[in-house]
Each structure stands twice: as C-alpha cells, then as structure tokens.
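Q: Starting from these lines, generate the structure:
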Amino acid sequence: MRAALLSVGTELVRGEIVDTNSAYLAARLTEEGHEVLAADTVADDLDRVAATLRRLGDAHDAIVCTGGLGPTTDDLTTLAAARAAGVGLQRDPASLAVIRARMERFGRVMADSNAKQADFPIGATILPNPHGTAPGFEVRVGTARAFFLPGVPREMKPMFEAHVLPALRAEGTEGSFQIRLRTFGLPESTVNDRLAGIEGTHGVVLGYRAHFPEIEVKVLGRGAPGPALERQVRAAADEVRGLLGEEVVFGEGELTLAAALGAELRTRDLTIGTAESCTGGQCAALLTADAGSSAYFAGGVVCYSNQLKVALLGVPEALLAEHGAVSEPVARAMAAGARQRLGVRVAVATTGIAGPSGATETKPVGLVHLAVATSAGVDARQLGFPGSRDQVQRLAAFAALRLARDAVRALPRPDLS
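A: Now for the predicted structure:
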C-alpha cells in the first residue's frame, strides 16, 4: 500500500523535541511491504492539519498520524480529522468510562478537559490505548484509511502493532522481506558503485543509510510472502557481501561491530583488553555497550601521557624517545604490554593525533597507529582519518575493533570434539 506519515505538534516543527515516531513507523511499514511515500510534520494548527490530511488522503492508501490527541486546547488532531473526513464529532460513552476509570485507578479525578479525549469523528473505529488516556481511531480520509495514534512513543508503538498493522495486513496481498547489512570502511558512494547491477539481477531494491561511521545496506524484496522471496533476497545479500568483502560487511540487523568482535571472542573462549591514547576510552566503551560483554572484556587502560605508557603498559622509554608516542613501534608495544599486564589473550591499542592541535610536519592531524596483539603475534596499521576531533576518534575506535576482529578470526577455533 502507498502510505504517508503525519506528525502533529508545534514542539516538533520548532525543533524542541525530535520526531522518533516517523522513523519507527517508516521502518515498520517498509518491513511489512508498504511503500512510504511521504512524511509530513505540521504544527498544532487546525486548518493546516486538516488541509494536510486531505492532501495526503487524496494520494495515498493509508495514513498514520501521531500526536495531538491530548486533553489541552492545542490538541486539535481529532477535530481536524473530522473536518478532513467531512463529518462531525461524537462522544463515545465507553471510552469516557475507560478514561475515568484509569484516572481513578491512579487516585485522580477526571478533569473536564480529559472528556474531549472520548470525542471521535462520526463513524470512526476506536483503537483502545492500554497505556494512556488518549484512545486512537481510524477514519476514512479521501481514498486512504487514516489511523490516528498518540504522540507518546510508549503508547503509540503498541497501538500501531496491535491495531494498525493487522488492519493493513488484511488488505495487502504482497509481502516483503528485507536484510540489513552493516558495513564499515568504505564511503557511501563507493559502496553504491560496487553494488551496481544487483537490483536488476536479483529483482530487489537496495537502500542505504549512513550512520557515522557505518553504512547500512538494505536489501529489500517484494512479492508473495514465503521461502521463495526470502531465498531471492538472501541471494542478493550474499552477492553484496561478496562484492564488498567480509572485512567491510561485519554483520546483519542489529549486530554492532563490537558485538561481532565479541561473538568471535566467545567462540574461541578469549578475553580482550584495550590500551588507548587518542581514542580516550572509546574502544572500551563500544565493547561494553553490549550486555554480556563481561564474558570477554577484561578491562582497559587510557594512557595519554608517556609516563603512563611506560608505567602501566611497559612501553620502553627509549622507544618513545626514538619514535615518539604516535608511531607504529609504540602502538605495537602498547598492545603487547596490555596483553601481558592485563592478562588477556587479545589486546588492541590506539595512538594518534585526533586534533585540532598537536600535529607536526610529519605527523598530521588524523594520523593514527593501531595494533592488536594475539598469540599469533602483533599486527599493526597506520591510517589517516579526515574530519573533526570527534570524527577522528570515532573512526579510529571502529578501525581498531575491526582490526581486532580480523585478527581474532584468523585464530583457530577450539576443538570441541
């Protein structure tokens, strides 16, 4: 179905709060096989909301509208929906009783203003809200089935899943299947160019989402739901993996790069530690963001000063004097020292110049040395990253985890036979 989204709220158009509802709804509708063609945001203005609904209703099969169903005078969505549908309002006694009972359950007396939340366009289908006082409703606007939900995400999401999706599924005959591939290490334009021709070959649609520093590749297929559609999309996704390389594609769906590294560590019963200079603890933060990371992450050292590199990691003073802190020999020594002193099987180290100051003629801002120490030895990389200090640090942390993942994957898995 051709779908449109409408978010209502003056606080949204002023930038006072971020509209997360539209992102959630667009993603869920796309996953269900619907085509989201528009996402509008309108202030709490009766005429503008009604006009927008009429315009969307003339061009789409479904509208999902959030916000403006509260008890205050600026909550005008219900009245605007009635105007767009060309009908009046009618109070629903059953909804009014539910609202009153909810208020009493929390020890409150229902205010007169709450009663307006039981008013609906004549002929509307009421959608119960078990998590709040504002019921939703469905009404026909133009050619579209228009669904109206509260703007509070914790109320909106369960109502959308319980009422809107089943209603749309009942009308649709086409399904969809999507695989989301997470990548790091190539710019969006290069990813796009490498994947030229896949859509035509496999009959899928590719989408891209840049979420710094990652690029997500979405492989979407539409057709009759079932194993055949899933095989079609999987074949396309496998070709994406082959064209980009396993060093670039690190996972699917919600799998983070840190979690992908963690999975490799788990399968080999290994522990990891970090020794960070320019990244300031970001490697450790990424690794510990996932629940259960204590099974493989032992700890880390953030050592900006040369004195701490010597005292905590055992980096030789002569090495620092000869090569400087930002150098491959020092990165290697940091990784080897962390592996030994933290008592871990794998250690990753970062040292570099994140900027904006600290650069020299031979060591520019963005220069980063990475190293990983395992039982196979120490591997190192010299990289150069563009951007602000925050961007350099983020890119360096991701690159360090990818280096560690590749090093761990090269190690043998334990024989469990």
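
Q: residue contacts, residue 217?
A: 180, 181, 183, 191, 195, 206, 207, 208, 240, 244, 249 (Cβ atoms under 8 Å, 6 or more residues apart in numbering). All C-beta atoms are positioned from the backbone trio N, CA, C, and that covers glycine.

Q: er, residue 191 I mean
A: 183, 208, 215, 217, 244.

Q: Mind exporting the C-alpha coordinates of stretch 326-341 to PDB?
A: Only the C-alpha atoms of stretch 326-341 are listed here, as PDB (Å, rounded to 0.1, in the frame of the first residue of the first chain):
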ATOM      1  CA  VAL A 326      52.400   8.400  17.700                       C
ATOM      2  CA  SER A 327      54.300   5.700  15.900                       C
ATOM      3  CA  GLU A 328      54.000   2.100  14.900                       C
ATOM      4  CA  PRO A 329      56.600   0.800  17.300                       C
ATOM      5  CA  VAL A 330      54.900   2.400  20.200                       C
ATOM      6  CA  ALA A 331      51.400   1.100  19.100                       C
ATOM      7  CA  ARG A 332      52.900  -2.400  18.900                       C
ATOM      8  CA  ALA A 333      54.500  -2.000  22.400                       C
ATOM      9  CA  MET A 334      51.200  -0.800  23.900                       C
ATOM     10  CA  ALA A 335      49.300  -3.700  22.500                       C
ATOM     11  CA  ALA A 336      51.900  -6.300  23.700                       C
ATOM     12  CA  GLY A 337      52.100  -4.600  27.100                       C
ATOM     13  CA  ALA A 338      48.400  -4.600  27.500                       C
ATOM     14  CA  ARG A 339      48.100  -8.200  26.600                       C
ATOM     15  CA  GLN A 340      50.800  -9.100  29.200                       C
ATOM     16  CA  ARG A 341      49.800  -6.800  32.000                       C
END
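
Q: For that stretch, report the contacting residues that lie outside it.
A: 273-275, 277-278, 300-301, 303, 309, 312-316, 319-320, 322-324, 344-353, 363, 367, 369-374, 378, 380, 382.

Q: so how far is it from its chain's centroid?
A: 33 Å (Cα atoms, centre = their mean, to the nearest Å).

Q: any idea of the mean pLDDT in it?
A: Regarding stretch 326-341, the rounded mean pLDDT is 98.

Q: Buried residues, the least confident helix or strand in the chain by mean pLDDT. List them.
A: Lowest mean confidence among the helices and strands of the chain (mean pLDDT, DSSP states H and E): helix 112-115, at a mean of 86. With burial defined by 16 or more other Cβ atoms under 10 Å, the residues of helix 112-115 counted as buried are residue 114.

Q: just to revisit the earlier point, among the contacts of residue 217, name the ones in helices.
A: Using DSSP state H, the subset of those located in helices is 191, 240, 244.

Q: Looks like the last one contacts residue 183 (just checking).
A: Same thing as residue 244. Yes. With contact defined as Cβ atoms under 8 Å, residue 244 counts as touching residue 183 (6.1 Å).

Q: Tell me which of these two has more neighbours.
A: residue 183 (23 against 20; other Cβ atoms under 10 Å).

Q: dump the residue contacts of that one.
A: By Cβ under 8 Å, 6+ apart, the neighbours of residue 183 are 191, 214, 215, 216, 217, 244, 248, 249, 250.

Q: Check the first one and give its pLDDT.
A: pLDDT, the model's per-residue confidence, is 96 for residue 191.

Q: And it, how far from residue 385?
A: Shown here: residue 191 relative to residue 385, a distance of 18 Å by Cβ to Cβ, to the nearest Å.

Q: Then the third one?
A: For residue 215, the distance to residue 385 under the criterion Cβ to Cβ works out to 16 Å.
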